[in-house]
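Novice: With the input below, show me the fold.
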Amino acid sequence: MKLYCLSGHPNLPCLVLKFKSVTVMLDCSLDLTTTFSFLPLPLVHSARLAKLPSWVPKDADASDQDTLKTLKKELKECAGRVFVDSPPEVGIPEGGLLDLSTVDVILVSSFQCILALPYITEYTGFNGMIYATEPTAQMGRQLMEELVHHTERVPKTRTASKWKEPGVFKTLPAQLRDGLNPAALRDCYGLHDINSSLSKVQLVGYAQKLDVFGALQIMPLSSGYCIGSCNWLIQSHYEKISYISSSSVLTTHPQPMDQGPLQNTDVLILAGLTQSPTANPDSMLSEFCSHLAVTVKNGGSVLVPCYPSGVVYDLFECLAVFLDSSGLMQLPVYFVSPMADSSLAYSNIFAEWLCQSKQSKVYLPEAPFVHEELKTISRLKVFPSVHGDFSSEFKTPCVVFAGHPSLRFGDGVHFMEMWGQSKANTVIFVEPDIPYLEALAPFQPLAMKAVHCPIDTRLSFQQANKIISDLKPLHVVLPENYITPPPSLPQRSDLVLEADPPPTTYQRGEVLSLPIKRMYEKIEITPELASALVPSEIRQGVAVASVTGILEAKDNNYVLQSVPKQPTAGPGQKRKREDNADFAPPKPHVWGAVQVEQFVQDLEKNGVTDVKVEDTSSGHIIHLQSEDTLIQIEDGSTHIFCEGNEDLRIKLRNILLKCLSKF
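Specialist: Model (predicted):
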C-alpha cells in the first residue's frame with residue numbers, strides 16, 4: 001500500500017492511495033495562497049496601484065535590456081514588498097509523482113477540497129469515478145464559478161511570465177520566492193471546464209456503501225464541519241482504512257460527526273485540523289461582534305472578506321441576535337457575491353444534511369437558517385456585485401460581506417480601495433485559511449483597522465488526540481506539520497499530535513509505503529462444490545476436508561468451482577487419453593504420525609524382514625540391512641536413503657503412506 005502526497009498544505013489535502021490495484025485520490029484541493037504574490041484586481045481603475053514603482057533585481061544583467069524592460073512591467077513594489085502585476089495564478093496538485101490519468105476514483109470530503117477538480121479531469125486524461133455529496137458538489141460549483149467570475153470580470157491585457165524563468169526567479173526577494181513553485185502555477189479555469197468536470201461527479205449520501213471494481217468498498221460519513229462534508233471509510237474484506245479530513249465535534253449547523261464506523265481501522269489518514277489552535281470559535285464570534293459594534297457606533301463601516309458558503313451562515317445568525325440585543329437592528333447588512341443568492345437558497349434546500357434542530361424547523365414549516373427571514377424583512381440585502389442596484393441601496397455605516405477573502409479579486413478589493421484610508425472603518429478577517437497580513441500587504445499603508453477573528457470549528461489538537469485514542473487505529477498517517485508545535489508558538493508542546501505507535505508523516509512530493517500488508521483474500525465456494533466436501537475429524541472439534549476446484553477471478557472477486565467431470569466416450573467411440581489438468585482426479589492428502597510398529601509389520605508383509613529399529617532424540621532410524629537402506633522418521637519429515645534404488649524407494653514410500661490417515 002502506497003500513499004502519494006500531492007499537496008504541501010495540511011488543510012488543502014490532495015493524497016493518492018494505491019491499494020489492491022486500485023488508485024484512489026483523497027481530495028483535490030486548490031492552493032489559493034499563491035495569489036498573495038500578485039497584485040489585486042480592482043473593479044475600477046486604481047490610481048494608487050497604477051503608480052506603484054517597478055522593481056528589478058539588483059544583480060540583474062544590465063546588458064539584457066529586453067529582460068529588464070519586461071520585468072519592470074511585471075514586478076511592482078508596495079510598502080517594501082514585491083508583487084507580480086498579472087492576473088493571479090493558483091497552485092495545482094503535484095503532477096510529477098504519478099500519472100494522474102491512472103487514478104481510478106476521486107473522493108471529495110468538502111466543498112473547499114474540490115476546487116482543483118477541473119485541472120485533473122480536463123487536462124490529465126482522467127477517466128475514473130468521482131464521488132461527493134450533493135452539497136459538496138453544489139457549493140463547490142459556487143466557489144469555482146465565483147472564482148471564474150472574479151477573474152474574468154477584470155481581465156488584464158498582459159500576463160506576466162518572464163519572472164517565472166529559472167534564471168530570473170532565483171533573483172527574486174525571498175518573500176516572493178519562498179513556498180512558490182512556478183511550475184505548479186496555472187491560470188484559472190473557465191466555466192466550460194467547471195461544467196464538464198462536475199458532470200462527472202456521482203452524488204452519494206452518508207453511510208452509502210459503494211463498490212469499487214469489486215476490490216474495495218467505500219462509504220462517506222458525516223464529518224460535522226460544513227454542509228455535506230464527510231470522512232471516508234475504505235475497506236476490503238480484511239483491511240480497513242479511514243480518511244478523516246476537516247472534521248468538527250462542535251455543535252454547529254451540519255450533521256454531527258459520525259465516529260462509530262471509523263473505529264479499529266488498520267490505517268487512519270488525518271488532515272485538515274484547525275489552523276487557529278489558540279482561538280476558540282465562540283470567543284472569536286464575541287470578538288467579531290464587539291469590533292463590529294465599536295466601528296459602526298463610531299460612524300465607520302465594516303468589511304468582512306468571506307466565501308459565499310460555510311462559516312458565513314453562522315455569522316449571519318450570530319450577527320442578527322447581536323444586532324437585536326445592541327439596538328442596531330437598522331444597521332444595513334450587505335452580502336455581495338455573484339453566488340450569494342444561490343448559496344443562501346441551497347443552504348435551506350439541503351435540510352437533510354443539517355443538524356437535528358435545523359431539520360426539525362423544516363416540518364413546522366420554517367426555514368432552517370435565519371438568513372431567509374433576514375432577507376424577507378430586508379435586514380440582509382443580497383447583491384451579485386457592487387454594480388447595478390447596489391449603488392442605489394448602499395448606505396453607510398454598514399456591514400458588507402464580500403469576496404474574495406484573499407482580497408486579490410472580487411468586490412472586497414473595491415471596498416478596500418474605497419474605505420482603506422479612513423481610520424473609522426474596519427476589515428475583519430474570519431476565514432481561518434487566510435493569512436490576513438498577506439492579504440493586506442498590497443493595500444499598505446492602510447489607515448483602516450484590521451482585525452483577525454478566525455472562526456475555525458475544525459478539530460483542535462486536543463480533540464484530534466482524543467479521537468485517535470478513541471478510534472484505536474493500528475497506524476496513524478498525518479502531515480509532518482502536526483508533530484511539531486506551530487512556528488509562531490514553538491513553546492506550545494500541547495499543539496502536536498501523538499499516537500502509539502508513533503505516527504507516519506508525509507509532506508508534498510513524498511511517497512510512503514504504509515505499514516499494512518495484505519494477509520488474506522476472500523474466496524467463495526460454489527454450493528455444488530461445498531456439498532461434495534467430506535470433512536475428516538483430526539481431533540475433537542477440528543475437521544478438515546480436501547478441496548480441489550477451479551479458481552475463477554473476475555472483477556476482483558474469487559469463486560472456487562467444481563472441477564468438470566471427465567467426458568465419457570460415446571457408443572462406438574474409443575476413449576481418448578487426455579493429459580488435461582482440468583480433468584485430473586484430486587489427489588488425497590495424508591496426515592498424522594507414522595506408527596513405527598505398524599510400519600515394521602507392513603514391511604514384513606511386503607517381504608522386507610531384516611529390519612532393525614533405533615530410537616533417537618528426534619525420532620527413529622529404521623535400518624533395512626539386507627537392502628542396505630536407512631529410513632529416518634522424525635516429527636514432520638521422513639527420509640529414505642536407498643543409494644539410488646528408485647524401485648525400492650517407491651515401494652517403501654507406498655508402504656509408508658498406507659500407515660498415514662488420508663482425506
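
Novice: Residue ranges in the chain under the pLDDT threshold?
Specialist: Low-confidence segments of the chain, defined by pLDDT under 70, span residues 60-63, 566-587, 663.

Novice: In it, spot the helix with the most residues.
Specialist: helix 134-153 (DSSP state H).

Novice: Summarise which helices and strands it is packed against.
Specialist: On a contact count with 3 or more CB pairs under 8 Å, 6 or more residues apart in numbering; DSSP states H and E, helix 134-153 meets helix 191-198, strand 201-204, helix 340-349. For every residue, glycine as well, the C-beta is placed using N, CA and C.

Novice: Count the residues that sit near residue 56.
Specialist: Burial of residue 56, expressed as a neighbour count using other CB atoms under 10 Å, amounts to 19.

Novice: ok, now residue 201?
Specialist: Residues within reach of residue 201, counting by other CB under 10 Å, total 23.

Novice: Quick check, it in contact with residue 130.
Specialist: Yes: assessed by CB atoms under 8 Å, residue 201 is found in contact with residue 130 at 4.6 Å.

Novice: Now for these two: what residues contact both?
Specialist: Listed as contacting both residue 201 and residue 130 by CB atoms under 8 Å, 6 or more residues apart in numbering are 108, 117.

Novice: Tell me which residues of the longest helix of the chain come out buried.
Specialist: Buried residues in helix 134-153, counted by 16 or more other CB atoms under 10 Å: 134-151.

Novice: Check stretch 367-381 too.
Specialist: Going by 16+ other CB under 10 Å, stretch 367-381 has these buried residues: 367-372, 374-375, 379-381.

Novice: Stretch 101-119 too?
Specialist: By 16+ other CB under 10 Å, the buried positions in stretch 101-119 come out as 103-119.

Novice: what are the ranges of the strands in the stretch 201-350 of the chain?
Specialist: With DSSP state E, counting those that start in this stretch as the criterion, the stretch 201-350 of the chain has strands at 201-204, 210-212, 216-222, 230-235, 240-245, 267-271, 302-305, 333-336.

Novice: Take those and lay them out in TSV including distance to residue 85.
Specialist: TSV is the format used below for the strands of the stretch 201-350 of the chain (distance: least, CB to CB, whole Å):
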stretch	distance to residue 85
strand 201-204	36
strand 210-212	46
strand 216-222	43
strand 230-235	41
strand 240-245	36
strand 267-271	34
strand 302-305	21
strand 333-336	25
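
Novice: Quick one: closest of those strands to residue 539.
Specialist: Distances from residue 539 to each of the strands of the stretch 201-350 of the chain were compared by CB to CB, and the smallest falls on strand 240-245, at 33.4 Å.

Novice: now residue 471: how far from residue 19?
Specialist: Distance, residue 471 to residue 19, using CB to CB, to the nearest Å: 19 Å.

Novice: just residue 470 next, same as before
Specialist: 25 Å.

Novice: what's the answer for residue 131, then?
Specialist: Shown here: residue 131 relative to residue 19, a distance of 16 Å by CB to CB.

Novice: Next: residue 253.
Specialist: For residue 253 relative to residue 19 (CB to CB), the value is 34 Å.

Novice: mind checking the end-to-end distance for stretch 528-535?
Specialist: Using CA to CA, to the nearest Å, the end-to-end distance of stretch 528-535 comes to 15 Å.

Novice: which outside residues touch it?
Specialist: Stretch 528-535 is contacted from outside by 543-545, 547, 549, 560-562, 663, using CB under 8 Å, 6+ apart.

Novice: mind listing the helices for the stretch 451-600 of the chain?
Specialist: Taking DSSP state H, counting those that start in this stretch to define them, one finds helices in the stretch 451-600 of the chain at 461-471, 527-531, 596-605.

Novice: Out of the ones you listed, which one sits most buried?
Specialist: With neighbours defined as mean count of other CB atoms under 10 Å, these peak in mean count at helix 461-471, which reaches a mean of 16.

Novice: residues in contact with it?
Specialist: With CB under 8 Å, 6+ apart, helix 461-471 has contacts from 242, 244, 247, 249, 259, 262-265, 268, 270, 273-274, 277, 459, 476, 482, 494-499.

Novice: and the angle for that helix with strand 267-271?
Specialist: 160 degrees (axes from the mean of the first three to the mean of the last three CA atoms, to 10 degrees).

Novice: Would you mind getting the angle between helix 461-471 and strand 240-245?
Specialist: Direction vectors for helix 461-471 and strand 240-245, defined by the same axes, to 10 degrees, enclose an angle of 160 degrees.

Novice: tell me the contacts of residue 447?
Specialist: If you count contacts by CB under 8 Å, 6+ apart, residue 447 has them with 420-423.

Novice: Inside helices: which ones of the residues you listed?
Specialist: Those of the contacts of residue 447 lying in helices (DSSP H): none at all.

Novice: that older thread, tell me which of the helices and strands packed on helix 134-153 is the most buried.
Specialist: With neighbours taken as mean count of other CB under 10 Å, these reach their highest mean count in helix 340-349, at a mean of 20.

Novice: Check which helices and strands that one is in contact with.
Specialist: Here helix 340-349 touches helix 134-153, helix 371-376, strand 380-383, going by 3+ CB pairs under 8 Å, 6+ apart.

Novice: Put the alpha carbons of that helix into CSV.
Specialist: Presented in CSV, the C-alpha positions along helix 340-349 are these (Å, rounded to 0.1, in the frame of the first residue of the first chain):
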residue,chain,number,x,y,z
ALA,A,340,-24.8,35.0,-2.8
ASP,A,341,-28.4,34.2,-3.8
SER,A,342,-27.8,30.6,-4.8
SER,A,343,-25.7,29.9,-1.7
LEU,A,344,-28.4,31.1,0.7
ALA,A,345,-31.1,29.3,-1.3
TYR,A,346,-29.2,26.0,-1.4
SER,A,347,-28.4,26.1,2.4
ASN,A,348,-32.2,26.0,3.1
ILE,A,349,-32.8,23.3,0.5
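
Novice: Could you look up the next helix or strand downstream of that helix?
Specialist: On the C-terminal side of helix 340-349, the nearest following helix or strand under DSSP states H and E is helix 356-362.

Novice: Residues in contact with that next one: which ones?
Specialist: Helix 356-362 is contacted by residues 253, 351-352, 367-369 when judged by CB under 8 Å, 6+ apart.

Novice: hmm, 10 Å instead?
Specialist: Helix 356-362 has contacts (CB atoms under 10 Å, 6 or more residues apart in numbering) with 227, 251-256, 347-354, 366-369.

Novice: can you give me the offset of that helix from its chain's centre?
Specialist: In terms of CA atoms, centre = their mean, to the nearest Å, the gap separating the centre of helix 356-362 from the centre of its chain is 30 Å.

Novice: For it, list the C-alpha coordinates in CSV.
Specialist: Taking only C-alpha atoms (Å, rounded to 0.1, in the frame of the first residue of the first chain), the coordinates of helix 356-362 have been written out as CSV:
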residue,chain,number,x,y,z
GLN,A,356,-31.4,17.8,14.0
SER,A,357,-32.5,21.1,15.4
LYS,A,358,-32.4,22.7,12.0
GLN,A,359,-34.0,19.7,10.3
SER,A,360,-37.0,20.0,12.7
LYS,A,361,-37.7,23.5,11.5
VAL,A,362,-38.5,22.3,8.0
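
Novice: What residues of that helix count as buried?
Specialist: Of the residues in helix 356-362, those buried under the neighbour-count criterion (16+ other CB under 10 Å) are residue 358.

Novice: in terms of contact, does residue 460 touch residue 273 like I think?
Specialist: Yes: because the distance of 7.2 Å satisfies CB atoms under 10 Å, residue 460 is recorded as touching residue 273.

Novice: Are there residues contacting both of those two? Which ones?
Specialist: residue 495.

Novice: So which of the helices of the stretch 451-600 of the chain is nearest residue 214?
Specialist: The closest of those to residue 214 is helix 527-531. By CB to CB, the value is 20.5 Å.

Novice: quick one, the longest helix of the chain and strand 216-222 angle?
Specialist: Using the same axes, to 10 degrees, helix 134-153 lies at 80 degrees relative to strand 216-222.
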